[in-house]
Every structure is written in structure tokens, then in C-alpha cells.
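> sequence first, predicted model second:
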Amino acid sequence: MTSRRAFLKTASAAALAAPVVHPFLAWAADPSAISVPGKDGMIVRSYRFLDLETPVEFMTDWITPVNHFFVRNHMFEPAKIEASTWKVTIGGEVEKPLTLTLADLQKVPIDSVTNAMECAGNGRSMQNPKVPGVQWGKGAVGNAKFSGPSLKVLLEKARVKDTGKHVMFRGLDEVPGKVPPFIRSIPIEKAIDADTLVATHMNGAPLTQHHGFPARVITPGWAGAASCKWLTEITVLDKPADGNFMIPGYRMPNSPVKPGEAVKPEDTHSVTGLSVKSLIAAPSDGAKLKPGRHEIKGVAWAGEADITKVEISTDGGSSWNLAELGKDHARYAWRLWSYSWKPAKSGDYVILSRATDSQGRIQPEAAVWNPSGYLYNAYDQVKVYVQA
Amino acid sequence: MFRLSAGVLTLALICAVGIAEAASSPNEQLPAGPMQEKAGAACSSCHEARIIVQQRLSKAAWTREMDKMVKWGAEVDPQDRDALIDYFSANFGPDQPAYLAPKSTSLSVARSRSKGKH
């Protein structure tokens, strides 16, 4: 629906109809709800190209349902791909270049990984000074079970040469204007990790259009940009892929920079694994709470590391209390947490959450500012009022 | 009499179609101003106005964005460049209140239509 062709069709229909809309009829239209089949109650950061954010209040389940899973597109989605004619090539630094169909992929043993996928730019709108890009709030993150052949098994069939050091992915996104194609690569070590997949399924069902049907890469624990959708080409390279989305795109400064300062590309490195981070799903920011006991709850994840604890402060950071971690856990997945809170008196409260991971990383009070606003992971915060 | 009723009916039908299109029109608009039309023409072949109206950038940052987008295919008359940067900076500077994004609904256009009619 958001392919370039589909948009042009919709746009002409709207242009034809526009002159007959009378202002007095405006009450009948809902100006804020945008029809996106298969996606409900999502925050529309962009309709064309489609970027949808999950409201943080939805993050109360371990597995994010597909209709509530965020969508990040850099380009127009391809027109519907026919499963029967789709194929993916494996080439470059390999002994035996391959072309595989969906039927070929289905003959390979299936692996699954439950992955907390987060867009590198999640939380960008909270950077100060402001930086350009999709102004994500908190919810460009979700946790889903992805299934498909391990990329390692496919690369073994193609027999990677000793010169193969990086693996590049290309999707079927439609590129407008002179926009550079969305091509990125990952190091061979991550590509041959048994958990890196060419996924065909999400939460037990075939991938939907918005999530990369019929096959996408899943590079677990890494920023979403490493998980190419609508996969059509896998090329083994002797060095990282070139192009805008490797340099200057998706790079972090090697050392902290003053907020607002420009950074030279040679002083940066590629974004890879995700940071340690927690979010508060309930209560909502601005909520008015009845007196009595309340459950503060949310999610926490740490990319390739495991969450070891989540702490909650209800006094603006003066004291911290351990939250209880949910029973569901898996490597790369997010962890639910909850904390039972009985406010001593009525009034305004600032609730904070911070996570710690198995690498000893602690979610910081302030995120590291960088020119593209990547990997924002400051303490999460909601303000509530407890009634008398 | 019959002809009048038919006319009213036709008008009602046209209005109903109008409502349906208004309800399902997904694209954000750029604010009024001398460069509104040219900004729309330069940007809208690749993305909708919502990508622009949610930014809160300094003039220096808008200048960098403008030059990047021209490199990426935005058709901008060099004579309009500075005025476009001024237009974006004036409307979407760091001090403007945050943009409030709409929500999605999985209701199809067809159901929006019937909703719109009642």
C-alpha cells in the first residue's frame, strides 16, 4: 500500500475527489486515524514511506504481536512479491555462487530466535540539541520470534573463500530519486553465528509485507538496520560494503562529542549491538493514579548481553528498588519486569527505570549525544499524580 | 420535483465520496507560506510532508538537510535554495512545539467510508 505506484494511484484519486469536500462535513472524517491494514493504534511517524512506532503502553507482553510491531522503512516497500518467483542469490567471495527459491529455503533446517529488535534511531526525538531523521519516541522496538534457515548453513552451501570478511545484504525496496540504495554489511563472524537467520516467519506465521515478506535477515542483538527486509542478494565481500548507509550512515563517534558538534566520518564506527535499556509501559506518563498499590511494569533488553537487573526509582532518582524480572527469557529477547508500588502519600511523582546487563553496562542517566541520534538509552521516565 | 430530488441525491453521493476520501487521506500538509508549493514539489516525490513537519532543526542543520536532499534528487531551483531553507527554519525550528503524530487504524478504506456516511 505504500509502494510508490500505490501512492500515485491514491494521490490521484484524492486529488480528483478533493474539490467536493465541504468544510461543514469535516466533522464526519477522523483526521487523526490513518488506515494501515494490519496495523492498529500505532504512532504514524511517516505514512509514505511507512514508519510506525509502537506506543509504549502496548509493551506488556513478552512477544509483540505483528500488528503492534514497529515498522521502519528507508524507501518505498516493493510491490507485492510473488512467493513462487522470489529468489535470493549468494555470491561474491564464495566458491559456489547459488540462487535459492523459497522452496529451497524450506528444505533447510529451520532455526528460531526471539529477538528484541530496535531501530538505531529509537528515542531520537529526546536528543538535545535535536537531530534530523525520523523523530522516534520510545517505541521503535519490539520482541518477536523469527524463524528460518541459519545464514551460516546457506553460506556453507556456497563455501565462503578465505577472502570473505563481510556479508552484504540487498533488499527489494524501491529507491526514489537519486537516493542511495539501502545496502549494508555485517562482519563474517556475526554472519556465521548460528543465531543469524534468513527468516521467513515471524511469531509462527509467514512474514507480512511490512516486515519483509518473503524473507529477511535477522541479525539478533544488533540495531534493526542490520536485518535487511525483502532480501534478494547476499554478497560476501573482502571488506565492509560501501555506500551511504555504511558511511556516513549508522555510525557513532569513537569518543564523546560536545552536543551539537560535527564529527568527521573517520572518527566514527559502525553501529552494531544494541545498548542496555529499559522502558516503562505502565503507568502512562501523565497518569492520575488512585491511592493504593500500583504495578509499575515494562521491558528491558541489552542486545547481545542479558539483562541482570532492573531498578525503579519513585523519588526522581534518590533511591532505587529492584524490580522483579519476568519468567520468559531468551538470549537476544527482551525481559518483562514489574515492581509493586504503594505511594506513601498523594502528590506528584517521577518514576525512573534503569537496567543493568551481563556485561556490566548500566543504563545511564543521560544518553550519549551524537549527530544522528543513535542508541538513545537514558533512564526511562514517567511522571504521575497520585490522588488523595 | 423528481429532477430536484435526483439532484439532491447526486449531491449527497458526491459529498459522501468526499467524506470517504477525506477520512482516508493519509498525507500531512506543509504550512502556508511563499515556498509551500515549491517545497511540496521538491520533496513529495520521495516522501510525504510529515517527515519535514516533525523536524525541529537549526538553520545550519536545515542547510545540511537541503543540500543532502538535492544530492539525493530533490528538484530545487538554485535560486530557491535559500528561501526554502528560510521557510523550513521558520516553521520547523528548535523552539517549535513537538509535532503530534496521528495513530494508525487497521480499518480499511471501505470501512472508513461506511463509517463516514453514518
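Received the coordinates, thanks. Numbering: from 1, shown residues only, chains lettered A, B, ... in the order given.

> how about the helix or strand containing residue A:154: buried residues?
If you go by DSSP states H and E, residue A:154 is part of helix A:151-158. Residues A:151, A:152, A:154, A:155, A:158 are the ones in helix A:151-158 that count as buried (16 or more other CB atoms under 10 Å in any protein chain shown). C-beta coordinates here come from the backbone N, C-alpha and C atoms, glycine included.

> and for stretch B:28-41?
Going by neighbour count (16+ other CB under 10 Å), the buried part of stretch B:28-41 is B:28, B:30, B:35, B:38, B:39.

> dump those to JSON lines, plus secondary structure and distance to residue A:276.
Shown next, in JSON lines, are the buried residues of stretch B:28-41 (DSSP: H, G, I helix; E, B strand; the rest coil; distance: CB to CB, whole Å):
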{"residue": "B:28", "secondary structure": "coil", "distance to residue A:276": "35"}
{"residue": "B:30", "secondary structure": "coil", "distance to residue A:276": "39"}
{"residue": "B:35", "secondary structure": "coil", "distance to residue A:276": "44"}
{"residue": "B:38", "secondary structure": "helix", "distance to residue A:276": "45"}
{"residue": "B:39", "secondary structure": "helix", "distance to residue A:276": "40"}
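
> nearest to residue A:72 among those?
residue B:28 (18.3 Å; CB to CB).

> OK, contacts around the closest residue to chain A within chain B?
Taking CB to the nearest CB, chain A has its nearest neighbour within chain B at residue B:73, 2.5 Å off. Neighbouring residues of residue B:73 by CB atoms under 8 Å, 6 or more residues apart in numbering or on different chains: A:176, A:177, A:178, A:179, B:45, B:46.

> pretty sure residue A:39 is in a helix, no?
No - Residue A:39 sits outside any helix when classified using DSSP: H, G, I helix; E, B strand; the rest coil, being coil.

> right, and residue A:204 touches residue A:114 too?
No - between residue A:204 and residue A:114 there is no contact under CB atoms under 8 Å: 11.5 Å.

> and those two? which has more neighbours close in?
Neighbours were counted for residue A:204 and for residue A:114 using other CB atoms under 10 Å in any protein chain shown; residue A:114 has more, 20 against 11.

> quick check: bridge partners of the more buried one?
On the basis of DSSP bridges, residue A:114 is bridged to residue A:145.

> quick one: mean pLDDT for stretch A:329-341?
Confidence for stretch A:329-341, expressed as mean pLDDT, is 98.

> now stretch A:306-313
Across stretch A:306-313, pLDDT averages out at 98.

> contact partners of that stretch?
With contacts defined as CB under 8 Å, 6+ apart, stretch A:306-313 is touched by A:276, A:278, A:296, A:298, A:300-301, A:319-323, A:325, A:329, A:331, A:334-335, A:337, A:339, A:341, A:350-358.

> weed out the non-buried ones from those.
Neighbour counting over the contacts of stretch A:306-313 (16+ other CB under 10 Å) leaves A:276, A:278, A:296, A:298, A:300-301, A:320, A:323, A:325, A:334-335, A:337, A:339, A:341, A:351-357 as the buried ones.

> quick check: residue A:340 touching residue A:297?
No - counting by CB under 8 Å, residue A:297 is not a contact partner of residue A:340; they are 9.5 Å apart.

> which one of the two has more residues nearby?
Neighbour count, other CB under 10 Å: between residue A:340 and residue A:297, residue A:297 has more, with 22 against 13.

> that one pairs with what?
With DSSP bridges as the criterion, the beta-bridge partners of residue A:297 are residue A:282, residue A:338.

> residue A:295 belongs to a strand, doesn't it?
Yes - assessed by three-state DSSP, residue A:295 belongs to a strand.

> what's near enough to touch the closest residue to residue A:365 other than its chain neighbours?
Leaving aside its sequence neighbours, residue A:365 sits nearest to residue A:379 (CB to CB, 6 or more residues apart in numbering or on different chains; 5.6 Å). Counting by CB under 8 Å, 6+ apart, residue A:379 touches A:317, A:352, A:353, A:354, A:363, A:364, A:365.

> so of the residues you listed, which ones are in strands?
The strands, defined by DSSP state E, take in A:352, A:353, A:354 from the contacts of residue A:379.

> ok, the last one touching residue A:320?
Yes - taking contact to mean CB under 8 Å, the distance of 7.4 Å between residue A:354 and residue A:320 places them in contact.

> relative to residue A:144, how far out is residue A:299?
Taking CB to CB, to the nearest Å as the measure, residue A:299 falls 13 Å from residue A:144.

> more neighbours, these two?
Ranked by neighbour count (other CB under 10 Å), residue A:299 and residue A:144 place residue A:299 first, with 30 against 22.

> pretty sure that one is touching residue A:337, no?
Yes - counting by CB under 8 Å, residue A:299 touches residue A:337, with 7.2 Å between them.

> now the residue nearest to residue A:365: phi and psi?
The phi and psi torsions at residue A:379 (degrees, to the nearest 10) take the values phi -40, psi 140.

> show me what residue A:270 is bridged to.
Assigned bridge partners for residue A:270, using DSSP bridges, are residue A:251.

> count the residues that sit near it.
19.

> tell me the spatial nearest neighbour of the closest residue to chain B within chain A, not counting adjacent residues.
For chain A and chain B, the shortest gap (CB to the nearest CB) falls at residue A:177, measuring 2.5 Å. The shortest distance from residue A:177 to any non-neighbouring residue, by CB to CB, 6+ apart, is to residue B:73 (2.5 Å).

> how close does the one you found sit to residue B:46?
Distance, residue B:73 to residue B:46, by CB to CB: 7 Å.

> shared neighbours of those two, anything?
With CB under 8 Å, 6+ apart as the test, residue B:73 and residue B:46 both reach A:176, A:177, A:179.

> buried among those residues? Make that a ChimeraX selection.
To isolate the buried members of those in ChimeraX, using 16+ other CB under 10 Å:
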select /A:179
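
> now the shared contacts of residue B:73 and residue B:46 in TSV, with pLDDT?
Converted to TSV, those look like this (pLDDT from 0 to 100):
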residue	pLDDT
A:176	89
A:177	86
A:179	93
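
> now the shared contacts of residue B:73 and residue B:46 as JSON lines including secondary structure?
Shown next, in JSON lines, are those (three-state DSSP):
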{"residue": "A:176", "secondary structure": "coil"}
{"residue": "A:177", "secondary structure": "coil"}
{"residue": "A:179", "secondary structure": "coil"}
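
> so which of the shared contacts of residue B:73 and residue B:46 comes closest to residue A:244?
Residue A:244 lies nearest to residue A:179 out of those, by CB to CB, at 8.4 Å.

> ok, for the closest one, nearest residue in space, not its chain neighbours?
In space, residue A:179 is closest to residue B:72, 4.7 Å off (CB to CB, 6+ apart).

> residue A:241 too?
Nearest residue to residue A:241, sequence neighbours excluded (CB to CB, 6+ apart): residue A:185, at 3.7 Å.

> can I get the host helix or strand of the one you found in CSV, CA atoms only?
Using DSSP H and E, the element containing residue A:185 is strand A:183-187. C-alpha atoms of strand A:183-187 as CSV (Å, rounded to 0.1, in the frame of the first residue of the first chain):
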residue,chain,number,x,y,z
ILE,A,183,22.8,-1.7,1.3
ARG,A,184,24.7,-2.6,4.5
SER,A,185,27.1,-5.4,5.5
ILE,A,186,27.9,-7.3,8.7
PRO,A,187,31.3,-8.9,9.6
